[in-house]
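> Okay, sequence plus prediction incoming.
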There are 2 protein chains.
Amino acid sequence: MSTAEADRLAALLKALAEPTRLRLLSLVAAHEGGEACVCDLTEPVGLSQPTVSHHLRILVDAGLLTRDKRGVWAYYRLVPERLAHAARALDPQRP
Amino acid sequence: MSTAEADRLAALLKALAEPTRLRLLSLVAAHEGGEACVCDLTEPVGLSQPTVSHHLRILVDAGLLTRDKRGVWAYYRLVPERLAHAARALDPQRP
DNA sequence: CGCATCCATCGACAGTCGTCAATCTCCGGG
DNA sequence: CCCGGAGATTGACGACTGTCGATGGATGCG
C-alpha cells in the first residue's frame, strides 16, 4: 500500500473511529425515512448541540453523510456506498 | 448500535485510522513468509525504531497482529480474521 | 565473561481532538 | 419588520497521540 493510499484510507477511518460518530451514523440510518435532523440526535447521544453539529460535519466531510437543508432544518442521510468502500478497503478479499 | 458496541468498534478502528499503521500492516502481510521483524520495517516507513515499536504494540493490542519473539528478534504476523471482522462491522450487508 | 544487537519502555514535547458555553446566521410566522 | 428557534461557528480548555532521544533488558557471539 502506498503512502498516498494509506493517507486517504486513514482519513476515512479516522472519521469512523469515534464512538459518538458511529452512533450518529446508526441513528441516522435507523431514523424514520432514513434521515434525521440535529434536534433528533442530541438527546439520544447525550451531548450538546454544537458537539453533535461538529461530529456531523466531520462525517459529511468524509462523505459518509449528506446534508440537506430544508427551511430551518438540516436533514442528514447515510451514504451506504461510502461505508461499503471503507469495508472493501480493509478486506479486499471479499467482493 | 449500542454505546458498548460503538466503543468496541471505535477502539478497533482507532488502531487502523493511522497511515503509518496501515502501511505497517501492509508491509507485514507482504513480507517474505508473512512475517517481519522491527528491523525490516523501520527503513520502509522512515521512522525511528521506538516509534515503529509503538505502532506495532497498538496493532497487537487491537488484535490485528501477533507478536512472536524468537531469540533476539520479534516476528510480527497479520491476523486476517481481525481485519475481516472490522470490515464486516462496517458493512454488515456483505456475507 | 564482556560486548554488540534487537527491541521495549520512559520522559518529553508539539500537535490534534472532543467537548462546552457563547455567539452568529438564517429562515418562517405573527 | 421583528422575533423565536434551528443549527453552524468560534474560542477555550483538558485529554490524548505521534514522534524522538535516551535508557533498560534480554539474547547470542567471541
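Alright, I've got the coordinates.
> is it true that residue A:73 touches residue A:37?
Yes - with contacts counted by Cβ atoms under 8 Å, residue A:73 reaches residue A:37, the gap being 4.6 Å. C-beta coordinates here come from the backbone N, C-alpha and C atoms, glycine included.
> Comparing the two, which residue is more hemmed in?
Counted by other Cβ atoms under 10 Å in any protein chain shown, residue A:73 and residue A:37 do not tie: residue A:37 has more neighbours, with 18 against 13.
> OK, contacts around that one?
Shown in contact with residue A:37 (Cβ atoms under 8 Å, 6 or more residues apart in numbering or on different chains): A:73, A:74, A:75, A:76.
> what sits against residue A:61?
With contacts defined as Cβ under 8 Å, 6+ apart, the neighbours of residue A:61 are residue A:15.
> hang on, I meant residue A:17
The contact partners of residue A:17, taken as Cβ under 8 Å, 6+ apart, are B:10, B:13, B:14, B:16, B:17.
> change it to 6 Å
Contact analysis of residue A:17 by Cβ atoms under 6 Å, 6 or more residues apart in numbering or on different chains lists B:10, B:13, B:14, B:17.
> swap in residue A:6?
B:19, B:22, B:23.
> now swap in residue A:34 and tell me
With contacts defined as Cβ under 6 Å, 6+ apart, the neighbours of residue A:34 are residue A:77.
> which regions of chain A lie under the pLDDT threshold?
For chain A, applying pLDDT under 70 flags the ranges A:95.
> got the residues of it near chain B?
Of all the residues in chain A, those in contact range of chain B (Cβ under 6 Å from any Cβ of the partner chain) are A:1, A:6-7, A:9-10, A:13-14, A:16-19, A:22-23, A:26, A:83-84, A:86-87, A:90-91, A:94.
> Roughly how far does residue A:60 sit from residue B:37?
Note on residue A:60: its distance to residue B:37, by Cβ to Cβ, to the nearest Å, is 42 Å.
> can you give me the strands for chain A?
Secondary structure of chain A (DSSP state E): strands at A:35-37, A:65-70, A:73-78.
> any idea which of those is most buried?
Mean neighbour counts were compared across these using mean count of other Cβ atoms under 10 Å in any protein chain shown; the top stretch is strand A:35-37, at a mean of 20.
> List the neighbouring strands of it plus their orientation.
Sheet pairing for strand A:35-37, assigned by DSSP bridges, gives strand A:73-78 (antiparallel).
> contacting residues around the strand it pairs with?
A:28, A:29, A:34, A:35, A:36, A:37, A:56, A:65, A:66, A:67, A:68.
> Dump these into JSON lines; add distance to DNA strand D as well.
Below are these laid out as JSON lines (distance: Cβ to the nearest atom of the strand, whole Å):
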{"residue": "A:28", "distance to DNA strand D": "12"}
{"residue": "A:29", "distance to DNA strand D": "17"}
{"residue": "A:34", "distance to DNA strand D": "15"}
{"residue": "A:35", "distance to DNA strand D": "10"}
{"residue": "A:36", "distance to DNA strand D": "8"}
{"residue": "A:37", "distance to DNA strand D": "3"}
{"residue": "A:56", "distance to DNA strand D": "6"}
{"residue": "A:65", "distance to DNA strand D": "10"}
{"residue": "A:66", "distance to DNA strand D": "11"}
{"residue": "A:67", "distance to DNA strand D": "6"}
{"residue": "A:68", "distance to DNA strand D": "10"}
